[in-house]
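Participant: structure, please.
(one chain, ligands or ions: 1)
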Amino acid sequence: MAPDAKCPLRPGDMCTLCVPGATGPQDCPTVAEVMRDLDLRARLAELRAEYLDEVRGSRA
Ligand code: SF4
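Facilitator: Model (predicted):
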């Protein structure tokens with residue numbers, strides 16, 4: 001059963017346990033890998049900002 005948590009890597013999406021062995025974002029190896037890498041973390045921040053802009057734009 002998928003956890004009741006959002007995927008940190010896919011803004012707006014729930015965690016679907018797409019990585020074998022993960023029980024949620026807290027022990028997802030892919031999330032850990034992205035968070036360890038400065039460039040990937042920066043790109044993720046951009047994606048999150050774009051997502052928030054989209055969400056806010058659709059509410060305006
Ligand atoms: S398993 Fe990891 S990459 Fe997959 S949806 Fe969950 S948190 Fe995101």
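
Participant: how about the residues of this protein near the ligand?
Facilitator: 7, 9-10, 15-19, 22, 25, 28, 30-31 (Cβ under 6 Å from any ligand atom). Where you see a C-beta, it was placed from the backbone N, CA and C, and this is true even at glycine.

Participant: do a quick rundown of the helices in this protein.
Facilitator: 29-36, 38-59 (DSSP state H).

Participant: contacts only, for Pro25.
Facilitator: Applying Cβ atoms under 8 Å, 6 or more residues apart in numbering to Pro25 gives the contacts 3, 5-8, 15, 31.

Participant: give me that answer again for 10 Å
Facilitator: 3, 5-9, 14-15, 17, 19, 31-32 (Cβ atoms under 10 Å, 6 or more residues apart in numbering).

Participant: ditto for Thr30
Facilitator: Residues in contact with Thr30 (Cβ under 10 Å, 6+ apart) are 7-9, 18-19, 22.

Participant: filter the residues you listed down to the buried ones, ChimeraX style.
Facilitator: Only the buried members of those end up in this ChimeraX selection, burial being decided by 16 or more other Cβ atoms under 10 Å:
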select :7,8,9,19,22
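
Participant: next, format the contacts of Thr30 as CSV and append distance to Tyr51 and pLDDT.
Facilitator: What follows is the contacts of Thr30, written out as CSV (distance: Cβ to Cβ, whole Å; pLDDT from 0 to 100):
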residue, distance to Tyr51, pLDDT
Cys7, 12, 97
Pro8, 12, 96
Leu9, 11, 97
Cys18, 18, 97
Val19, 20, 97
Ala22, 21, 96
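
Participant: tally of neighbours for the closest residue to Gly12 other than its chain neighbours?
Facilitator: The shortest distance from Gly12 to any non-neighbouring residue, by Cβ to Cβ, 6 or more residues apart in numbering, is to Tyr51 (5.7 Å). Tyr51 sits with 14 neighbouring residues when counted by other Cβ atoms under 10 Å.

Participant: what's the pLDDT at Tyr51?
Facilitator: Note on Tyr51: pLDDT of 96.
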